[in-house]
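> Return a 3D structure for these sequence lines:
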Amino acid sequence: GTPDTTDFNLLPYDLAGNLRIWNNRIDMGAFEYGSEPWVSNHDPVLPAIDQLVLKQNYPNPFNPTTTIAYSLPEASKVHLNIYNVKGQLVKSLVNAEMPAGLHSVVWNGRDMNNQAVASGVYFYRVSSPKATQTKRMLLMK
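Got it, this is the predicted structure:
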């Protein structure tokens, strides 16, 4: 028989005009039974990036570690540094030639002497010969 959908408060038709009951199953709108496959299982080709992109760290706020991700349009020398609110260098995470693409680094909340840093606001800056970007993060203990 046809499933009873009276308690679901569903309209008899979805936005495409298809009946909600199809092949003895309830169509909640997540899939369109019997319709053309508009969604492919093939990943689209991502467009090439044309500039340095620094992403927001995650998690933020963090304790004790956080991940910092950035994308490079081309291979280049990269510096990724952590600074305190006074602008003092806390830790250098990357100082190397890096290939184009997405990269990520985990910071463990420790300084250059491997000492845990205090709770507070820190800045992370990624720089290449052609661009520099800075973002803010919060360490909460």
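> Quick one: neighbours of L80, just the number.
21 (other C-beta atoms under 10 Å). C-beta here means a position set from N, CA and C on the backbone, and glycine is covered the same way.
> Kindly report the same for Q51.
When neighbours are counted by other C-beta under 10 Å, Q51 registers 11.
> Then S119?
Count around S119 with other C-beta under 10 Å applied: 13.
> Low-confidence bits of the chain, can you list those?
Within the chain, the stretches with pLDDT under 70 are 1-48.
> ok, 50 please
Under the criterion pLDDT under 50, no range of the chain is flagged.
> At which residues are the strands of it located?
Under the criterion DSSP state E, the chain contains strands at 21-22, 25-26, 53-54, 66-72, 76-83, 89-98, 101-107, 120-128, 131-139.
> To N60, which of the ones you listed lies closest?
strand 131-139 (5.1 Å; C-beta to C-beta).
> Show me the contact partners of the closest one.
With contact meaning C-beta atoms under 8 Å, 6 or more residues apart in numbering, strand 131-139 is reached by 51-54, 56-57, 60-64, 66, 70, 109, 117-127.
> List the buried residues of stretch 73-86.
For stretch 73-86, a neighbour-count test (16 or more other C-beta atoms under 10 Å) marks P73, S76, V78, L80, N81, I82, Y83 as buried.
> Kindly indicate which of those lies nearest N113.
Distances from N113 to the buried residues of stretch 73-86, taken by C-beta to C-beta, are shortest for I82, at 13.3 Å.
> The closest one contacts V106, doesn't it?
No. Taking C-beta atoms under 8 Å as the definition, I82 is not a contact partner of V106, at 11.9 Å.
> what's the burial count for the spatially closest residue to V78 that is not a sequence neighbour?
Closest residue to V78 apart from its sequence neighbours, by C-beta to C-beta, 6 or more residues apart in numbering: M98 at 4.6 Å. Look at M98: counted by other C-beta under 10 Å, it has 17 neighbours.
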